[in-house]
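Colleague: Need coordinates for the following:
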Amino acid sequence: MRWALVKVCLAVTTMVVVAFAVPLGLVVKEMARDRAFAGAEREAAAVAPALSITTDRDKLERVVASAGADSGMAVHLPAADGRAALDLGRQRAAHRDIEAVRKLGRASTTSVTGGSTLLQPVALSSGTAVVEVYVPESEVSNGVGTAWAVLAGVGLALIVGSVAVADRLGVRMVRPAQRLVEGAHELGEGKLGARVPEEGPDELRLAAVAFNSMADQVVQLLANERELAADLSHRLRTPLTVLRLNAASLGGGPAAEQTRTAVAQLEREVDTIIRTAREAKPQTAAAGPGAGCDAAEVVRERMEFWSALAEDEGRKWRVAGVERPVRIPVARADLAAALDALLGNVFRHTAEGTAFAVDVHNGEDAVIVLVSDAGPGIPDPEAAMARGRGSGSAGSTGLGLDIVRRLAEATGGDVRIGSSVLGGTEVRIWFQLDGRGPGGGGRRGAVRRRRPRKLVSTFNRPRSLP
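Modeller: Next comes the predicted model:
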């Protein structure tokens, strides 16, 4: 917009300068010509009185010499009283032009080599004499070049000045628009403190006021949402207390111990939700070098928890890739919650006896966690990834997959659903390790273009279950 305004101003100013400078330059040239011929007419008029007094050659030569400079004047006397025609001075005009002026009785100009001549008729008693005054081309164009140079300089100064003024006006108009765009980008990236200065033209100032009002409303809505999440989570404390008391009365045994562990974990998760909502701090991505968790350790821990239930239901299971530490930029509690969501889906949506597996692949710039099963699969993976849609089966809300997706995208990765080598569903979680934060993870299409070569060949490699 700024450069468009400058271009328009440059074009308009150039047209105006040309429209005024060209005619003015022609006028200056014509004035210089008129000035030169006016001087020639004065020189010719100075000779006319002498011609009316005498026709003596010597006297006239002295008059011509005193009136004309540098042999620029000539006098042509007609023949009379038996005397031949007399020509004094250097003749430059043609005889036919001299005779035409003598016959017509009015002055005229004619072009000659190196300039022009003024032929001025003078009426005498013996006939008509013609005074010839030479006007060189240098005298006709004297001062024209300087005047044209001054006009060109003034026109150029006007153009430069108008461009500078247009540029300042463009900056005054464009800068608020740029700030508005930058503020919108910052707000879209999650920087809720982004605001735009309310300045500039009226339209942009009103747009900035509307943007700031919208940003304030977004902050208020998010705050209300956090408070609502904290309040709803707080309401779960009463039923959780009842569950904990009932679990304490179950006595001993593996099932009772697992129930008490699950209730304790549920209480911790509720506390985390309340604390996170109150403090309004993100709990997904780790910050700083060395932050995060060991994915292999978390997988081993969660598989140890779910293996007891798998044995009760007669499910075969397998875990691979957890022999060595695998660091990822994700909080331990978040990764555990994501794994519990996926494994819970396996137990919830597949029949008893269905096998499942968890594989961890460690690459140079990414870590991939595969959770696969031998169930019926998901007919529409895209619908299953939509928040609140679920897989389509009874009791499925899709929130578990949404939690996993947001966790992966917080690192710049993504989540995909496909077919596993076991014949059922395979959920692939991609954790990026190159340090890109949540600002780049929201665009799933941008992060899918990077694939570690040494991991691709291992995605669908068949493995036998124990």
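
Colleague: Who are the packing partners of the helix or strand in which residue 164 is found?
Modeller: Using DSSP states H and E, the element containing residue 164 is helix 144-188. Packing partners of helix 144-188 (3 or more CB pairs under 8 Å, 6 or more residues apart in numbering; DSSP states H and E): helix 2-53, helix 202-235. Yep, even glycine has a C-beta here, placed from its N, CA and C like the rest.

Colleague: For residue 301, which of those helices is the nearest?
Modeller: Nearest of the helices and strands packed on helix 144-188 to residue 301, taken as CB to CB: helix 202-235 at 24.2 Å.

Colleague: residue boundaries of the strands in the stretch 201-350 of the chain?
Modeller: 293-294, 317-320, 327-328 (DSSP state E, counting those that start in this stretch).

Colleague: Do you know the pLDDT at the residue sitting nearest the centre point of the chain?
Modeller: Computing the C-alpha centroid of the chain and ranking residues by CA atoms, centre = their mean puts residue 178 first, at 9.0 Å. Looking at residue 178, its pLDDT is 81.

Colleague: check contacts around the closest residue to residue 344 other than its chain neighbours.
Modeller: Using CB to CB, 6 or more residues apart in numbering and skipping residues adjacent in sequence, the residue nearest residue 344 is residue 400, 6.7 Å away. Neighbour list for residue 400: 341-342, 344-345 [criterion: CB atoms under 8 Å, 6 or more residues apart in numbering].

Colleague: Neighbour count, pLDDT and distance to residue 303 added to those residues, as CSV?
Modeller: As requested, those are exported to CSV (neighbours: other CB atoms under 10 Å; pLDDT from 0 to 100; distance: CB to CB, whole Å):
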residue, neighbour count, pLDDT, distance to residue 303
341, 18, 85, 14
342, 24, 89, 12
344, 13, 86, 13
345, 24, 86, 15
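
Colleague: Return the member of those residues nearest to residue 326.
Modeller: Closest approach between the contacts of residue 400 and residue 326, by CB to CB: residue 342, at 17.0 Å.

Colleague: so what's the closest one closest to, chain neighbours aside?
Modeller: Residue 342 sits nearest to residue 371 (CB to CB, 6+ apart), 4.4 Å away.

Colleague: How far does whichever strand or helix holds that neighbour sit from its chain's centre?
Modeller: Assigned by DSSP H and E, residue 371 falls within strand 366-373. Relative to the chain's own centre, strand 366-373 is displaced by 39 Å; criterion: CA atoms, centre = their mean, to the nearest Å.

Colleague: for that strand, packing partners?
Modeller: Counting contacts by 3+ CB pairs under 8 Å, 6+ apart, strand 366-373 is packed against helix 295-312, helix 332-349, strand 356-362, strand 425-432.

Colleague: quick one: the helix holding residue 164 to helix 2-53, angle?
Modeller: 170 degrees (axes from the mean of the first three to the mean of the last three CA atoms, to 10 degrees).

Colleague: and helix 144-188 with helix 202-235, angle?
Modeller: Relative orientation of helix 144-188 versus helix 202-235 (the same axes, to 10 degrees): 10 degrees.

Colleague: By mean pLDDT, flag the weakest helix or strand of the protein.
Modeller: Least confident helix or strand, the chain: helix 444-447 with a mean of 37, by mean pLDDT, DSSP states H and E.
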